[in-house]
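# 3D model of this:
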Amino acid sequence: MVWQKIFKETQGAVTKMNQTKKKLLPLGSIVYLEEGNQKLHIIGRGITFDDPDTGEQVFTDYMATLYPQGWQNEDVLFFQHDNIDKVVFEGYSDEEEERYMEIYSEWESHLDVPRKTID
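Numbers count the residues shown, from 1 in each chain. Predicted coordinates:
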């Protein structure tokens with residue numbers, strides 16, 4: 001059936017994407033996290049913050065708000081690219097986004113703040 005072929009091709013593309021160098025999703029993207037049941041709206045990338053669990057500075061790939069509620073009393077979620085289960089909508093991307101990712105990759109390679117492990 002046609003839908004089965006499309007599903008298999010999509011699975012192959014996702015696997016291939018995961019095997020290549022990490023590329024962050026653009027701002028405005030909507031995602032589900034692993035085992036999540038609430039959509040999240042990505043509002044920040046490359047976030048360093050004081051981890052409330054350890055009191056030390058840590059780094060995450062993304063900062064997001066609940067969708068469709070948005071920013072509510074500074075209630076945001078932090079997560080890594082690997083925590084994303086499903087991309088519902090990919091935000092706007094242009095040549096500035098491509099340039100940003102070049103700069104971001106260089107910045108991340110020199111970052112001395114540990115990545116937060118999120119289970």
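# now E106: how far from G46?
Using Cβ to Cβ, to the nearest Å, E106 is found at 11 Å from G46. C-betas here are computed from N, CA, C, even on glycine.
# Settle it for me: which of these two has more neighbours?
G46 (16 against 9; other Cβ atoms under 10 Å).
# thought that one was touching D61?
Yes - counting by Cβ atoms under 8 Å, D61 is a contact partner of G46 at 7.1 Å.
# ok, for the spatially most central residue of the chain, nearest residue in space, not its chain neighbours?
By Cα atoms, centre = their mean, the chain has its centre lying nearest to H81, at 4.2 Å. Once flanking residues are discounted, H81 sits nearest to D61: 4.6 Å by Cβ to Cβ, 6 or more residues apart in numbering.
# name the element that neighbour belongs to?
In the assignment (DSSP states H and E), D61 maps to strand 57-66.
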